[in-house]
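K.L.:
just a sequence and a predicted model for now, questions to come.
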Amino acid sequence: MKELLERLAEECFPYTNQGEVANYIPELAKANPDALGIYIISEDGKHHFAGESMHSFTIQSIVKPILLLLALSDNGIDSVGERVGVEATGKPFDAINVSDLRLDSHHLNPMVNMGAIVMCTLIKGSTYQEKFERILELIRELAGNPEIGIEEAVYRSEKSCGSKNRALAYLLKSYGMLNDDVEDVLDCYFKACSIAVTCKDLANIGFVLANRGCKPMTNERIVPSEYARYVNAILMTCGMYDGSGEFALRVGVPAKSGVGGGIMAVVPGKMGIGIYSPALDKKGNSVAGIQLLERVSRELQLSIF
Ligand code: GLN
């Protein structure tokens, strides 16, 4: 497996030239576009990796499935479903999901920004700092890594340049879909996006989702299986935003991307995979990362279809 991953990573390395690192969050523009890493945890609990698998980067949108897990645990499926819909938006992650000048919960999806911002309001906590600490705690638990924290520079960078997310949040507020103070909610969202992880952390989190809510090896339950199933279904249909259909054809497993260059893939019943390569396509998905996942999926026959 090690040789296979090293060979595939080498084959995909040239694709790092075909994307651009995110620059709408200035701090992210400092990433090295040539980096590529992969970490896999397989069903026998074995770890396999290649390339820059221990490089630390910000989780960005890959935090969205964790926000959803926590919102589900705090409120249950029905109540979350009433506030944030489940249909794929087929639009970019920061799109304004309004149709016919109407905005309601069916226009939102937990895997795009408007839905994720509402998700922050659904997480329990007496302050937004407390909500954020619960998000961080769940990520540490899912990843089995108590050292995980935030990358301050990226947090401050996004907070100072987050006009688009502010616009989305105020729009939600104007439609009565966000009751709290916009800056408090966004502070929690920006901090959550700035949590620093490695491919190994993403592989661990992906494994818990693949294992219907239980940790590798010990099988200790972290989240109820029905919530893991809910999240995986939404990852399959909207985890790669408006690239989800093509991703389903090319790779065929639930996955989530982030503009930090990460991809977390969930191979149901089999594997958690973490990928890092920060050069992105126009949709905000890692170019070499998708290439590598496509090859891994083909070689190991991972597609669920
Ligand atoms: N923090 C980023 C934003 O809100 C996350 C987007 C992403 O990873 N696609 O714009």
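P.N.:
Ah, there it is. Predicted model, so just to flag it, every value in this text is computed and none were measured.
K.L.:
give me the three-state assignment for L69.
P.N.:
Classification of L69 by DSSP: H, G, I helix; E, B strand; the rest coil places it in helix.
K.L.:
for burial, what's the neighbour tally of it?
P.N.:
28 (other Cβ atoms under 10 Å). Glycine gets a C-beta too; all of them are placed from N, C-alpha and C.
K.L.:
same check, this time on E6
P.N.:
A count of nearby residues for E6, using other Cβ under 10 Å, gives 15.
K.L.:
P92 is in contact with K283, isn't it?
P.N.:
Yes: contact criterion Cβ atoms under 8 Å: P92 and K283 qualify, at 6.6 Å.
K.L.:
joint contacts of these two?
P.N.:
Counting by Cβ atoms under 8 Å, 6 or more residues apart in numbering, the common neighbours of P92 and K283 are Y241, D242.
K.L.:
for H47, list the residues it contacts.
P.N.:
Going by Cβ under 8 Å, 6+ apart, H47 touches Y39, I40, I41, K200, A203.
K.L.:
element containing the last one, please.
P.N.:
When elements are defined using DSSP states H and E, A203 is found to belong to helix 199-210.
K.L.:
how close does the closest residue to Q18 other than its chain neighbours sit to G85?
P.N.:
Leaving aside its sequence neighbours, Q18 sits nearest to V287 (Cβ to Cβ, 6 or more residues apart in numbering; 4.9 Å). Counting by Cβ to Cβ, to the nearest Å, the separation of V287 from G85 is 29 Å.
K.L.:
give me the pLDDT for the most centrally placed residue in the chain.
P.N.:
Geometric centre of the chain, nearest residue: I62, 1.3 Å, by Cα atoms, centre = their mean. Looking at I62, its pLDDT reads 98.
K.L.:
wait, isn't it in contact with V259?
P.N.:
No: judged on Cβ under 8 Å, I62 makes no contact with V259 at a distance of 9.8 Å.
K.L.:
out of the contacts of H47, which one sits closest to the ligand?
P.N.:
A203 (18.4 Å; Cβ to the nearest ligand atom).
K.L.:
residue contacts, that closest one?
P.N.:
By Cβ under 8 Å, 6+ apart, the contact set of A203 is Y39, I40, I41, H47, M264, G272, I273, G274.
K.L.:
quick check: the farthest pair among those residues?
P.N.:
Greatest spatial distance in the contacts of A203: H47 and M264, 15.5 Å, computed using Cβ to Cβ.
K.L.:
quick check: buried residues in the lengthiest helix in the chain?
P.N.:
Looking across the chain with DSSP state H, the single longest helix is helix 128-143. The neighbour-count check on helix 128-143 (16 or more other Cβ atoms under 10 Å) flags Y128, K131, F132, R134, I135, L136, L138, I139, R140, E141, L142, A143 as buried.
K.L.:
tabulate the CA atom coordinates of the helix holding A203 in PDB.
P.N.:
Extracted in PDB, the C-alpha atoms of helix 199-210 (Å, rounded to 0.1, in the frame of the first residue of the first chain):
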ATOM      1  CA  CYS A 199      -4.200  14.700   6.600                       C
ATOM      2  CA  LYS A 200      -3.900  12.200   9.600                       C
ATOM      3  CA  ASP A 201      -6.500  14.200  11.500                       C
ATOM      4  CA  LEU A 202      -8.900  14.200   8.500                       C
ATOM      5  CA  ALA A 203      -8.400  10.500   8.000                       C
ATOM      6  CA  ASN A 204      -9.300   9.800  11.600                       C
ATOM      7  CA  ILE A 205     -12.400  12.000  11.400                       C
ATOM      8  CA  GLY A 206     -13.400  10.400   8.000                       C
ATOM      9  CA  PHE A 207     -12.900   7.000   9.600                       C
ATOM     10  CA  VAL A 208     -15.400   7.700  12.300                       C
ATOM     11  CA  LEU A 209     -18.000   8.800   9.700                       C
ATOM     12  CA  ALA A 210     -17.200   5.700   7.600                       C
END
